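**Q** Predicted model, plus sequence, below.
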Amino acid sequence: MTIEQIKAAPNWEEKYRSLIQLGKTLPVPAADELRHWQQIHGCETNLWVKISLKSDRTLQLQAYSEARIMNGLLMILMEQVNGKSLETLTSFNITDLFSSLGIAQRLSETRLNGLKQIEQKIKELA
């Protein structure tokens, strides 16, 4: 499943189904590992992130949620930010990303809030 396939989906139901399928591909971290990740509050589901800065000043984001649709959104987010320079990410806008896919308007405020908190953490590094 790619971002282009989600963009091309003819309706919300197909986009939703695609996001869930994409979310199933996110590896589930061990409970031990999650204890070392930062929990994001304000999302309607439990959400954890680990943001690492590599020696070449590129970002490595790992994230996990208990909800499959959220994991699909996280997979898209990771695809867009991993390996990018901090300078590039200063102009990154998560709402614009999900709007371009035709899904931002369908996300609950609490889901979008969790994603925006991750965006803020990324920008704090930059």
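**A** Nice, thanks for sending it over.

**Q** what distance separates the helix ranked longest in the chain from the middle of the whole chain?
**A** Counting residues, the longest helix found in the chain (DSSP state H) is helix 109-125. Computed by CA atoms, centre = their mean, to the nearest Å, the chain-centroid distance of helix 109-125 equals 9 Å.

**Q** Look at L47 and say how many residues are nearby.
**A** 25 (other CB atoms under 10 Å). Placement of C-beta: from N, CA and C, glycine included.

**Q** what's the answer for the one 5 residues further on, then?
**A** By other CB under 10 Å, 11 other residues sit near S52.

**Q** now do W12
**A** W12, neighbours per other CB under 10 Å, totals 12.

**Q** That one: what's it in contact with?
**A** Residues near W12 by CB atoms under 8 Å, 6 or more residues apart in numbering: G102, I103, R106.

**Q** Which residues does the longest helix of the chain contact?
**A** 38, 40-45, 47, 49, 51, 53, 59, 61, 63, 65, 69-70, 73, 77, 81, 86, 89-90, 92-95, 98, 104, 107.

**Q** Now, these that are in strands?
**A** Q38, I40, L47, V49, I51, L53, L59, L61, A63, S65 (DSSP state E).

**Q** Any of those buried? List them.
**A** Burial by neighbour count, 16 or more other CB atoms under 10 Å: within the ones in strands among the contacts of helix 109-125 this picks out I40, L47, V49, I51, L59, L61, A63, S65.

**Q** Now render those as a markdown table, adding pLDDT and distance to V28.
**A** Converted to a markdown table, those look like this (pLDDT from 0 to 100; distance: CB to CB, whole Å):
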| residue | pLDDT | distance to V28 |
| --- | --- | --- |
| I40 | 92 | 17 |
| L47 | 94 | 14 |
| V49 | 97 | 15 |
| I51 | 95 | 19 |
| L59 | 95 | 22 |
| L61 | 96 | 16 |
| A63 | 96 | 12 |
| S65 | 95 | 10 |
